[in-house]
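Undergrad: Okay, structure incoming, though there's no sequence with it:
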């Protein structure tokens, strides 16, 4: 049966495919260390107790009708205060849009800025930009990054591609790598954006920057930097993506916020009124109450990210131990978020049954079946399947589970010849 061209050519998520395999095996009794999901095991990492109480209270008080299209004013006021105290960013409540997590915001940024055939630029690996580019019929320019720069684009990488582009999509701390821009790296990129916009006429669309900082509170010693703090003139061109999904372990609570130039935020708000992508009213009310006291956020985040950092250090240390033992593996020291970047250089090797590991997906499914270890290949983030790099998310496992997993990974890799 015929469907739209867009639906017919839409590519399904490779992460979902891997997740389905993991779930099928678990249903059959297999023990799988699931490092695939950019999510959190809520039994290991529950949301803040006060946030939970406020959500329950809001439902008891029957706050179950529609929220305002741009979000509760009480929440937008608290977000505005938090941006000022935490990052010294000046955005009024009217410059802020609340949605059900960050995905509707990213979609709305694309749909608000990008016309069919417009040039957009984003690095690979990066999360889902290829799919949003497809949904907006954009002319996507993918800029391949290198492990030497922690898989983050440099100004030199981007410079040849920004002429005529209308959107540059960046994320820090980065999903999938857990790495971050330095002040110098981001400053040089902002200077490119400013210079490009100075070349444009009044009748030309500017080059906008979408800056996804959903993991900004989950950093390990490194400094989170953002465009407008570095260059106030970037405020005219930058749309931020943020929210509680990651920093409060609240992926399923679905409260995100975007902020940026009023003329962009207003159009995003109008677009999303037709989608109905607002966060539930009780969750908005509870988040506003939770943010009334900044220490609520600070105390939870410090404890939570300390646990994540411990898990990431154990996993990183374990991979480095395998490297010392002579296995063809490596990992990049985690700087933020939930993720460790792991290199497993086993493409082209032969499995015990004689079959060849032809690409990164083959290796993923081999490790699921032979080691009970599930990873996501960078091919899920726009890279080629010949690349031996993988994302490991520690959000779903306890530290002890990571320690138990490492010998199984070692044994499975040693069985490849």
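TA: Yep, that arrived. Because the structure is predicted, anything quoted here is derived from the model rather than measured.

Undergrad: Skip the chain neighbours and tell me the closest residue to residue 338.
TA: Nearest residue to residue 338 in three dimensions, chain neighbours excluded: residue 395, at 4.5 Å (Cβ to Cβ, 6 or more residues apart in numbering). In this view, the C-beta of every residue, glycine as well, is placed from N, C-alpha and C.

Undergrad: wait, I meant residue 21
TA: Nearest residue to residue 21 in three dimensions, chain neighbours excluded: residue 368, at 6.0 Å (Cβ to Cβ, 6+ apart).

Undergrad: what about the strands in this protein?
TA: Using DSSP state E, the strands of the chain run over 33-34, 96-99, 119-124, 139-144, 167-171, 208-212, 238-243, 256-259, 329-332, 339-344, 373-374, 376-377, 389-393.

Undergrad: closest one to residue 317 among the ones you listed?
TA: Residue 317 sits nearest to strand 329-332 of all the strands of the chain, at 9.0 Å, using Cβ to Cβ.

Undergrad: what distance separates that closest one from the centre of its chain?
TA: Relative to its parent chain, strand 329-332 has a centroid offset of 20 Å by Cα atoms, centre = their mean, to the nearest Å.

Undergrad: quick check: mean pLDDT across the lengthiest helix in the chain?
TA: Counting residues, the longest helix in the chain under DSSP state H turns out to be helix 294-324. Across helix 294-324, the average pLDDT comes to 98.

Undergrad: in it, what's buried?
TA: For helix 294-324, burial by neighbour count (16 or more other Cβ atoms under 10 Å) applies to 296-297, 300-301, 304-305, 308-309, 311-316, 318-319, 322.

Undergrad: Distance from the chain centre to that helix, please.
TA: That offset, for helix 294-324, works out to 17 Å (Cα atoms, centre = their mean).

Undergrad: Show me what that helix is packed up against.
TA: helix 73-87, helix 281-291, strand 329-332, strand 339-344, helix 399-414 (3 or more Cβ pairs under 8 Å, 6 or more residues apart in numbering; DSSP states H and E).

Undergrad: Identify the residue nearest the geometric centre of the protein.
TA: residue 175 (4.0 Å; Cα atoms, centre = their mean).

Undergrad: I figured that residue hits residue 341, correct?
TA: No: in terms of Cβ atoms under 8 Å, residue 175 does not count as a neighbour of residue 341; the distance is 10.9 Å.

Undergrad: Quick check: neighbours shared by these two?
TA: residue 391 (Cβ atoms under 8 Å, 6 or more residues apart in numbering).

Undergrad: so what are the domain limits for the protein?
TA: 5-45+301-415, 49-298 (the TED database).

Undergrad: Show me the shaky parts of the stretch 201-350 of the chain.
TA: For the stretch 201-350 of the chain, no stretch is flagged by pLDDT under 70.
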